[in-house]
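Q: heads up, no residue letters with this:
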């Protein structure tokens, strides 16, 4: 199946710094990628839809200036957590919809665990 | 959750028993998918069922969909310790593009 990678897999940073997370579709082009956030023992919450060549669409309650999304190419989307604080510590997962099979299936990255001290 | 609820929230069974998890959702959907997530890891896609389908099988997995009740169930037969994980349903809405996740069921299979 299609493969989506994320980098880094784990990051620890100090409060106030910014952290960039990359999401890549390795063997297909994705015009749309999605960013989710997951707190411990909870479900995935959709944060935003990342569109190649245009602005991301954010879900209600997600601060777009806090979570900057850039979809620079058909295989790369980045999420930057700006001025991170301890409450931003979470598991961030991206996904991409493959154009094959009618585009029904999303492929998920392995996730990035962010810990803000 | 953003979309709906799953029950039970947690389920503990003996190896060899069947495990049934239920999912309810709020909006009209195009399809419903089930995913598995091992602790602290990424998601594994298990099965997709379309809105015009009522039942689907894949190995030891059986999924049903009742669009009139806006609910789905996932049955894992002859469970194994390796099935221990969290299971999530996720829906893609009609005309929509986003996939929204249910709250999830944490399954623990005792050897």
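A: Received, thanks. Values in this document were obtained by computation on a predicted structure and should not be read as measured data.
Q: Give the ranges of residues in chain B that sit below the confidence cut-off.
A: Along chain B, the parts satisfying pLDDT under 70 run over B:1-4, B:94-96.
Q: what does it put close to chain A?
A: B:1-2, B:30-31, B:33, B:35, B:40-43, B:45, B:48, B:50, B:88, B:92, B:97-104, B:106 (C-beta under 8 Å from any C-beta of the partner chain). C-betas here are computed from N, CA, C, even on glycine.
Q: If any of the residues you listed are buried, give me the PyMOL selection for them.
A: Listed next is the PyMOL selection for buried residues among the residues of chain B next to chain A, using 16 or more other C-beta atoms under 10 Å in any protein chain shown:
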select buried, chain B and resi 1+2+31+33+35+42+43+48+88+92+98+99+100+101+102+103+104+106
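Q: Just the residues of chain B next to chain A: which are in strands?
A: Judged by DSSP state E, the subset of the residues of chain B next to chain A located in strands is B:30-31, B:33, B:35, B:43, B:45, B:48, B:50, B:88, B:92, B:99-101, B:106.
Q: the helices in chain B, which residues?
A: Here chain B has no helices by DSSP state H.
Q: Just after the helix or strand of chain A with the lowest mean pLDDT, pick out the following helix or strand.
A: Taking mean pLDDT, DSSP states H and E as the measure, chain A has strand A:106-108 as its least confident helix or strand, at a mean of 86. The helix or strand immediately downstream of strand A:106-108 is strand A:112-116, counting by DSSP states H and E.
Q: so what does that next one touch, helix or strand wise?
A: The contact analysis (3 or more C-beta pairs under 8 Å, 6 or more residues apart in numbering or on different chains; DSSP states H and E) places strand A:112-116 against strand A:10-13, strand A:19-25, strand A:90-97.
Q: re the thing from before, out of the ones in strands among the residues of chain B next to chain A, which is nearest to residue A:41?
A: residue B:106 (7.5 Å; C-beta to C-beta).
Q: isn't the closest one right up against residue B:13?
A: No. In this structure residue B:106 lies outside contact range of residue B:13 using C-beta atoms under 8 Å: 11.9 Å.
Q: that older thread, right, so of the helices and strands packed on strand A:112-116, which gets closest to chain B?
A: Evaluated with C-beta to the nearest C-beta, those place strand A:90-97 nearest to chain B, the distance being 6.6 Å.
Q: quick check: angle from that closest one to strand A:112-116?
A: Interaxial angle of strand A:90-97 relative to strand A:112-116 (axes from the mean of the first three to the mean of the last three C-alpha atoms, to 10 degrees): 150 degrees.
Q: before we move on, back to that, so which of the helices and strands packed on strand A:112-116 is the most packed in?
A: Ranked by mean neighbour count, the helices and strands packed on strand A:112-116 are led by strand A:90-97 with a mean of 25 (mean count of other C-beta atoms under 10 Å in any protein chain shown).
Q: who does that strand pair up with?
A: Looking at strand A:90-97 with DSSP bridges, its partner strands are strand A:32-38 (antiparallel), strand A:106-108 (antiparallel), strand A:112-116 (antiparallel).
Q: Any idea which of the ones you listed has the lowest pLDDT on average?
A: Lowest mean pLDDT within the strands paired with strand A:90-97: strand A:106-108, a mean of 86.
Q: which residues sit against it?
A: Contacting residues not belonging to strand A:106-108 are listed as A:1-4, A:25, A:34, A:93-98, B:33, B:35, B:42-43, B:45, B:99 [C-beta atoms under 8 Å, 6 or more residues apart in numbering or on different chains].
Q: just stretch B:10-26 next, same as before
A: Contacts of stretch B:10-26 (C-beta under 8 Å, 6+ apart): B:3-8, B:32, B:34, B:69-81, B:83, B:87, B:89, B:91, B:100, B:102, B:105-111.
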